[in-house]
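>>> generate coordinates for the sequence data below:
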Amino acid sequence: MYASFFGLSKEPFSIAPDPRFLFMSEQHREALAHLLYGLGGGGGFVLLTGEVGAGKTTVCRCFLEQVPAHCRVAYIFNPKLSVAELLQTVCGEFGIPLPAQADSVKAHVDALNTFLLEGHAKGEQAVLVIDEAQSLSAEVLEQLRLLTNLETAERKLLQIILIGQPELREMVARPDLEQLAQRIVARYHLGPLSLAETQQYIQHRLSVAGPSAPLPFSAAALARIHALSGGVPRRINLLADRALLGAYAQGQPRAERRTVQQAAREVFGRAPALPARWQLPALAGGGAVVLIVLLAWLLRTPAVPSPVVAAVTGAPAAASQPGPAASAAAAAALAPSPGAADLASFWPASPVPPATAWRELALRWNVAIGEGEPCAAAAQARLACFRSAAGGLAVVRQLGRPGWITLRRPEGGSSTALLLGLSDTQATLQAGGQTLNLPLATLAGLWSGDFSTLWRLPPGWADSPDGGTDPAARAWLAQGLAQAGIAAGPPLPERVRQFQRAQGLPPDGRAGPVTVMRLNRLTGVQEARLAGES
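The predicted structure is shown next:
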């Protein structure tokens, strides 16, 4: 309904699964790595937990797409089953033929054991994935543990992956399930997105729905979406979608903080329905603030509300960090923002042209380029130029390298500045020999979201989006994918798709600049790095 109004080709915040909108935060990538590690764990259990809507199914889908060809997978999404029903479902998912009279638990276990032994002899591995595993009964969990006893002299024959809500962690910690807990070879809890990740998530979905459309949220609106959603992707989708609908109904070019607040009342009710473990007792606004100050005094930490407290009281949220880190974060949040005088002194007397910005940027790669067209000169040093028109911070964080951006000058017009560093709260800029740390909220008011940077060309790389047919380029690509954990076997384009899905990139199977930049970073290719990014 509102898509065309904001310059989007489709609505970006549908809760329906769509691989084009896949976003993998660092947490999601780490969770995926745990699942993939579990494949080599020699049997036993792998545990993935997270709040409702945290992205467990997204991680599971990426995992299933990256399972090696020698793995046989059975997937169960409705685990409210008896022991007999579970075994019937497992055998059915693996395609195990059963005798006509196989109606007992033993018959199903015997058939499964035969199947696993035959697969082991062929070099195959069996993986059982159970979603919504918090619904499993203790009796069924015990039967699953017994299935992990199926083994040869060298290894166990069945790998079981349990995916569920936080209650699953509590279940396996019970004394009567201690034997199962001892067989967990890897576990990961998928927490909510941070404020920075929430902004990246929103910008990513918007860039897919309309790459050239301006950001239709103010900085305050983005912060409020994070606070009210608790950083849970599904709740972010619901809230952002309703906020854009509200802005559209009012004829506003972007959603503001009050629009998000109204959207929260419509989507979640009078008070956002945060998970019970995050909620505070109902207090009047003043009483809640007094409580925060009192707790801060008792703990000797600055009285800066957490995102959850901010959701209750309406106070600005700060990152939740322990000890000295929290004090530093709070001090940064309470420090005065650069004023007009700071920005005025930062700008050089005349606008910095893009050609100069390219030359200054190339020095970060230890390359000096002279006069003439900068990108042509950079190519002589095996560097290529990359430009993104409106990706914003999502692109910057994804690439993790310095670049130059275009900012509006106070007197009118625009000028370029090098973006050298980025944290959750501020950006480090350089122009005309001056350096300035600028709050992200201030940056948003000056910057349209463009970003230009350099990337190192692999050996034998051509102008083709996938490196062409040059053997050296294809060998480099195959080796890089292997180093990034993408197993050999499938055709090269399919392996590129697997890598792209794992990195939250559009899975087109073509190794374009962004894909190569991510590979360069993960495989240790020497390139300039953005300060504040690992």
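>>> so which residues of the stretch 1-150 of the chain form strands?
With DSSP state E, counting those that start in this stretch, the ranges of strands along the stretch 1-150 of the chain come out as 44-50, 71-76, 125-130.
>>> now tabulate these in a markdown table and tack on mean neighbour count and mean pLDDT.
Placement of C-beta: from N, CA and C, glycine included. Rendered in a markdown table, the data for those read as follows (neighbours: other CB atoms under 10 Å; pLDDT from 0 to 100):
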| stretch | mean neighbour count | mean pLDDT |
| --- | --- | --- |
| strand 44-50 | 24 | 89 |
| strand 71-76 | 17 | 90 |
| strand 125-130 | 23 | 92 |
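>>> minimum distance to G432: which of those strands has it?
strand 44-50 (46.7 Å; CB to CB).
>>> alpha carbons of that closest one, as CSV, please.
The C-alpha trace of strand 44-50 is given here as CSV (Å, rounded to 0.1, in the frame of the first residue of the first chain):
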residue,chain,number,x,y,z
GLY,A,44,25.4,-36.1,19.9
PHE,A,45,23.3,-33.0,20.2
VAL,A,46,23.6,-29.4,19.0
LEU,A,47,21.4,-26.8,20.8
LEU,A,48,20.2,-23.5,19.2
THR,A,49,17.8,-21.4,21.3
GLY,A,50,16.4,-17.9,21.0
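>>> next, count neighbours for the residue lying closest to V59 once chain neighbours are set aside.
The shortest distance from V59 to any non-neighbouring residue, by CB to CB, 6 or more residues apart in numbering, is to A31 (4.8 Å). Counted with other CB atoms under 10 Å, residues neighbouring A31 total 28.
>>> circling back to that earlier point, TSV for the strands of the stretch 1-150 of the chain, including distance to T523?
Listed next are these as TSV, based on distance: least, CB to CB, whole Å:
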stretch	distance to T523
strand 44-50	26
strand 71-76	25
strand 125-130	26
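>>> just so I know, which of these lies nearest I163?
The stretch from the strands of the stretch 1-150 of the chain with the least distance to I163 (CB to CB) is strand 44-50; that distance is 4.7 Å.
>>> what sits up against that closest one?
Where contact means CB atoms under 8 Å, 6 or more residues apart in numbering, the residues beyond strand 44-50 that reach it are 31, 34-35, 37-38, 56, 59-60, 144, 148, 156, 159-166, 168-169, 172, 180, 183-191.
>>> can you flag which of the residues you listed belong to helices?
When these are checked against helices using DSSP state H, the ones located there are 31, 34-35, 37-38, 56, 59-60, 144, 168-169, 172, 180.
>>> picking up where we left off before, of the strands of the stretch 1-150 of the chain, which is nearest A264?
Minimum separation from A264 across the strands of the stretch 1-150 of the chain (CB to CB) falls at strand 44-50, 22.0 Å.
>>> the inter-axis angle of that closest one versus strand 125-130?
30 degrees (axes from the mean of the first three to the mean of the last three CA atoms, to 10 degrees).
>>> average pLDDT for stretch 497-510?
When pLDDT is averaged along stretch 497-510, the result is 81.
>>> can you give me the buried ones in that stretch?
Within stretch 497-510, the residues that qualify as buried are R497, Q498, F499, Q500, R501, A502, Q503, G504, L505, P506, P507, G509, counting by 16 or more other CB atoms under 10 Å.
>>> ok, stretch 251-269 next?
Buried residues in stretch 251-269, counting neighbours by 16+ other CB under 10 Å, are found at A255, E256, R257, T259, V260, Q261, Q262, A263, A264, V267, F268.
>>> return the residues in contact with the third one.
In other words, R257. Contact partners of R257, counting by CB under 8 Å, 6+ apart, are S218, A220, A221, A223, R224.
>>> check which helix or strand the closest residue to the last one other than its chain neighbours maps to.
In this case it means R224. In space, and not counting its chain neighbours, R224 is closest to V260: 4.4 Å by CB to CB, 6+ apart. Assignment of secondary structure by DSSP states H and E places V260 within helix 257-268.
>>> what confidence value was assigned to G467?
In this model, G467 carries a pLDDT of 53.
>>> neighbours of P374, just the number please.
Counted with other CB under 10 Å, the neighbours of P374 add up to 21.
>>> what residues go with each domain of this protein?
With automatic domain parsing serving as the domain definition, the record reports that the chain contains domains spanning 1-10+193-272, 26-190, 282-327, 350-456.
>>> export these as JSON lines, with columns for distance to L530.
As requested, the domains of the chain are exported to JSON lines (distance: least, CB to CB, whole Å):
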{"stretch": "domain 1-10+193-272", "distance to L530": "13"}
{"stretch": "domain 26-190", "distance to L530": "14"}
{"stretch": "domain 282-327", "distance to L530": "19"}
{"stretch": "domain 350-456", "distance to L530": "5"}
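>>> among these, which is the most enclosed?
Mean neighbour count, computed with mean count of other CB atoms under 10 Å, is highest for domain 1-10+193-272 among these, reaching a mean of 20.
>>> one step back: what's the farthest-apart pair in the buried residues of stretch 497-510?
When the buried residues of stretch 497-510 are compared pair by pair using CB to CB, the farthest-apart members prove to be G504 and G509, with a separation of 15.5 Å.
>>> low-confidence ranges, the stretch 151-300 of the chain, go.
The stretch 151-300 of the chain contains residues with pLDDT under 70 at 270-300.
>>> ok, now with 80
When residues are selected by pLDDT under 80, those of the stretch 151-300 of the chain lie in 152-155, 211-213, 269-300.
>>> does P166 touch P192 like I think?
No. Between P166 and P192 no contact is recorded; they are 11.8 Å apart, counting by CB atoms under 8 Å.
>>> now do the shared contacts for those two.
With CB under 8 Å, 6+ apart applied, the overlap between the contact sets of P166 and P192 consists of E51.
>>> which one, of the strands of the stretch 1-150 of the chain, ends up nearest to Q426?
Nearest to Q426 among the strands of the stretch 1-150 of the chain is strand 44-50; the distance by CB to CB comes to 29.5 Å.
>>> paired strands for that closest one, with orientation please.
The strands that strand 44-50 pairs with in its sheet are strand 158-164 (parallel), strand 184-190 (parallel) (by DSSP bridges).
>>> hang on, the earlier thing: closest to A243 among the contacts of R257?
Of all the contacts of R257, the one with the least separation from A243 (CB to CB) is A221, at 6.7 Å.
>>> run through the residues that contact the closest one.
Shown here is A221, whose contacts under the criterion CB under 8 Å, 6+ apart are A243, R254, A255, E256, R257, T259, V260.
>>> quick one: which of those residues is nearest to M517?
When the contacts of A221 are compared for distance to M517, the smallest value, 29.6 Å, is given by R254; criterion: CB to CB.
>>> excluding its backbone neighbours, what's nearest the closest one?
With CB to CB, 6+ apart as the criterion, R254 has its nearest non-adjacent residue at 4.5 Å, and that residue is P216.
>>> from what I see, that neighbour and E11 are in contact.
No. Because the distance of 11.8 Å does not satisfy CB under 8 Å, P216 is recorded as not touching E11.
>>> other residues contacting stretch 492-502?
Counting by CB under 8 Å, 6+ apart, stretch 492-502 makes contact with 19, 22, 24, 29, 32, 62, 65-66, 466, 474, 477-478, 481, 484-488, 490, 505-511, 515, 518-519, all of which sit outside it.
>>> now, the residues you listed that are in helices?
Members of those lying in helices (criterion: DSSP H): R29, L32, C62, E65, Q66, R474, L477, A478, L481, T515, R518, L519.
>>> how far away is the fifth one from I405?
Meaning Q66. 34 Å (CB to CB, to the nearest Å).
>>> same question for the third one.
Distance of C62 to I405, given as CB to CB: 31 Å.
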